[in-house]
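Engineer: just to be clear, the model below is a prediction. Sequence and coordinates:
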Amino acid sequence: MVDDKTKPDGRDRSRVAADEPYEVEYFASKHGLSQHQARTLIQTVGNDRAKLDAAAQKVSGMRGREKG
């Protein structure tokens, strides 16, 4: 991650930085997950954004079926 957040260069967009709270918060809110669920997914799947998005859709989809 770049130090000056006003000049992002996009090199890390394919990864979720689990050690950055705002990245975990964004990922969790994007998929309707708690931050704990998001961190668990990152630990389980790794920090590859595409793989995490797919895994998060499965988790949030399963949650939607439980309610209905």
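Structural biologist: Arrived safely.
Engineer: contacts and neighbour counts: CA atoms only from here.
Structural biologist: Fine.
Engineer: state which helix of the chain is the longest.
Structural biologist: In terms of residue count, the longest helix belonging to the chain (DSSP state H) is helix 49-67.
Engineer: who are the packing partners of that one?
Structural biologist: Helix 49-67 is packed against helix 21-31, helix 35-45, with contacts defined by 3 or more Cα pairs under 8 Å, 6 or more residues apart in numbering; DSSP states H and E.
Engineer: in it, what counts as buried?
Structural biologist: 49, 52, 55, 56, 59 (16 or more other Cα atoms under 10 Å).
Engineer: about what we covered before: just put the helices and strands packed on helix 49-67 in CSV and tack on mean pLDDT.
Structural biologist: Shown next, in CSV, are those (pLDDT from 0 to 100):
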stretch, mean pLDDT
helix 21-31, 93
helix 35-45, 94
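Engineer: if we can go back for a sec, and the buried residues of helix 49-67, which is closest to residue 16?
Structural biologist: residue 49 (5.8 Å; Cα to Cα).
Engineer: okay, the helices and strands packed on helix 49-67 in TSV with distance to residue 15 next?
Structural biologist: As requested, the helices and strands packed on helix 49-67 are arranged in TSV below (distance: least, Cα to Cα, whole Å):
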stretch	distance to residue 15
helix 21-31	10
helix 35-45	10
